[in-house]
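A.B. asks: Quick check, what structure comes out for this input:
(chains A, B, C and D)
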2 protein chains.
Amino acid sequence: MDELTAIESLAALSQESRLRVFRSLVQAGPEGLAAGVIALELDIVPNTLSTHLAQLTRAGLIRRTRDGRIIRYAADNAGIRALLTYLLEDCCQGRPELCRPAVATVACC
Amino acid sequence: MDELTAIESLAALSQESRLRVFRSLVQAGPEGLAAGVIALELDIVPNTLSTHLAQLTRAGLIRRTRDGRIIRYAADNAGIRALLTYLLEDCCQGRPELCRPAVATVACC
DNA sequence: CCTATAATTCGATAATTCTCGAATCATGGA
DNA sequence: TCCATGATTCGAGAATTATCGAATTATAGG
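C.D. replies: The predicted structure is shown next:
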């Protein structure tokens, strides 16, 4: 990942509505959620939500797929992983014992 | 971690200079770097850098310790870990096979 | 083809954030 | 005590970002 993409991703996440959308999609799993469903659940007007979803998509954090009239969004695991890797790059000066416990705690399961 | 802290952290990281400072400190390890050294290395005027460092510190991503006239900053691993955990919370719907590979790839060593 | 629905794009205003000169604070040494 | 140095705080102008009404696009069904 390059610096610009990282900044775009972090900026996308650093806003209340977008962070909530992102976390909802992370928790929703591979099937994701329809834009309209997200709008209802998080109480965001559709056009504003659309702007937010576009920003998260541009950043590579979520993906969109059309399903008839409905547009479905889901977390993009590759993009998320790339961002986390960029943040932690060369974090342990070659000494695994420094960063292994930290990374292990992040594991959610 | 609560939502406000997460947003503060992500906002702190979503700016070129601050992201560079953060990554420098992550790579510098536990001893960290003096404010003046960071200013020189990244070519940022001291007062602007000071504002950035304060923001990263408030967000819980870095720590400061005084060492005579010199103030030293270092990555705050607990804060960083808390942020990553918040982002990935409940990411795999109880199915470890979905997120374990993702997390493994993040490991830097 | 026409209508209804789901979603997006456009444009403008409101709010927030960035940057840096100037002034201030804290520490160590003469 | 006085000075020099490292660092921070303050304040204001410049730049960026957020939000939402109105208009537009895309699709499904009658």
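A.B. asks: how about the helices of chain A, start to end?
C.D. replies: Counting by DSSP state H, chain A has helices at residues A:3-13, A:16-28, A:35-42, A:46-58, A:77-88, A:96-106.
A.B. asks: what would those helices look like in a markdown table with distance to DNA strand D, mean pLDDT and mean neighbour count?
C.D. replies: Placement of C-beta: from N, CA and C, glycine included. Shown next, in a markdown table, are the helices of chain A (distance: least, C-beta to the nearest atom of the strand, whole Å; pLDDT from 0 to 100; neighbours: other C-beta atoms under 10 Å in any protein chain shown):
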| stretch | distance to DNA strand D | mean pLDDT | mean neighbour count |
| --- | --- | --- | --- |
| helix A:3-13 | 6 | 98 | 19 |
| helix A:16-28 | 5 | 97 | 20 |
| helix A:35-42 | 11 | 98 | 16 |
| helix A:46-58 | 4 | 98 | 16 |
| helix A:77-88 | 17 | 93 | 20 |
| helix A:96-106 | 24 | 65 | 15 |
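A.B. asks: Straight-line length of stretch A:56-70, end to end?
C.D. replies: End-to-end distance for stretch A:56-70: 18 Å, by C-alpha to C-alpha, to the nearest Å.
A.B. asks: what's the answer for stretch A:68-79, then?
C.D. replies: Terminal-residue distance, stretch A:68-79 (C-alpha to C-alpha): 26 Å.
A.B. asks: does it come close to chain B?
C.D. replies: Yes. Under the criterion of C-beta under 8 Å from any C-beta of the partner chain, chain B is reached by stretch A:68-79 at A:75, A:77.
A.B. asks: what's in contact with that stretch?
C.D. replies: Residues from elsewhere that reach stretch A:68-79 (C-beta atoms under 8 Å, 6 or more residues apart in numbering or on different chains): A:9, A:21-22, A:25-26, A:28-36, A:38, A:53, A:56-57, A:59-66, B:91, B:102.
A.B. asks: just stretch A:27-45 next, same as before
C.D. replies: With contact meaning C-beta under 8 Å, 6+ apart, stretch A:27-45 is reached by A:17, A:20-21, A:24-25, A:46, A:49-50, A:52-53, A:62-63, A:65, A:67, A:70-75, B:89-93, B:98.
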